[in-house]
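Visitor: Below is the sequence, then the predicted model.
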Amino acid sequence: MRFQDLLAYKKSFELAMDIFSLSINFPPEEKYSLTDQIRRSSRSVSANIAEATRKRRYEKHFISKLTDSDAENSETQVWLEYSYACNYIDTIKFESLTSKSLEVGKLLNYMMNNPDKFL
């Protein structure tokens with residue numbers, strides 16, 4: 001199983017790239033705070049999925065890495081809320097990205113609840 005073939009990985013990678021594209025337009029004063037944080041957390045989702053697949057021999061380690069991925073996905077949602085509250089993104093973009101993040105969360109939860117399908 002290649003991690004790149006997992007739907008959760010594909011969707012989380014796409015979300016991270018969407019966030020990267022929009023964060024280019026964040027104000028320069030946010031470079032080392034909000035911009036950096038939202039990019040890091042969104043990228044960590046797919047990175048942790050990749051790590052989980054390498055630990056799939058051990059169910060508890062697999063689930064643990066997916067839990068880390070889910071936590072990073074939740075953190076990304078917080079940074080999206082800040083981006084919206086600070087008027088760096090509009091309502092349509094906020095709702096679209098939040099929806100994508102929720103979809104990733106559902107996929108991760110499915111994997112955590114059904115690890116035998118991925119081990």
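Guide: Noted; the coordinates are in hand. The structure presented is a predicted model; accordingly, all values stated were derived computationally and were not measured.
Visitor: what sits up against stretch 41-58?
Guide: With C-beta atoms under 8 Å, 6 or more residues apart in numbering as the test, stretch 41-58 has contacts from 1-3, 6, 8-9, 12-13, 15-16, 19-20, 61-62, 64-66, 68-69, 72-73, 75-76, 79, 104, 108, 111, 118-119. In short, each C-beta sits where N, CA and C put it, glycine included.
Visitor: what's the longest helix in this structure?
Guide: helix 59-85 (DSSP state H).
Visitor: Separate out the buried members of the contacts of stretch 41-58.
Guide: When neighbours are counted using 16 or more other C-beta atoms under 10 Å, these contain these buried positions: 3, 6, 8-9, 12-13, 15-16, 19, 62, 64-66, 68-69, 72-73, 75-76, 79, 104, 108, 111, 118.
Visitor: May I ask which helix or strand encompasses the nearest residue to Asp70 once chain neighbours are set aside?
Guide: Leaving aside its sequence neighbours, Asp70 sits nearest to Leu108 (C-beta to C-beta, 6 or more residues apart in numbering; 4.7 Å). Using DSSP states H and E, Leu108 maps to helix 91-113.
Visitor: Thank you kindly, that will do.
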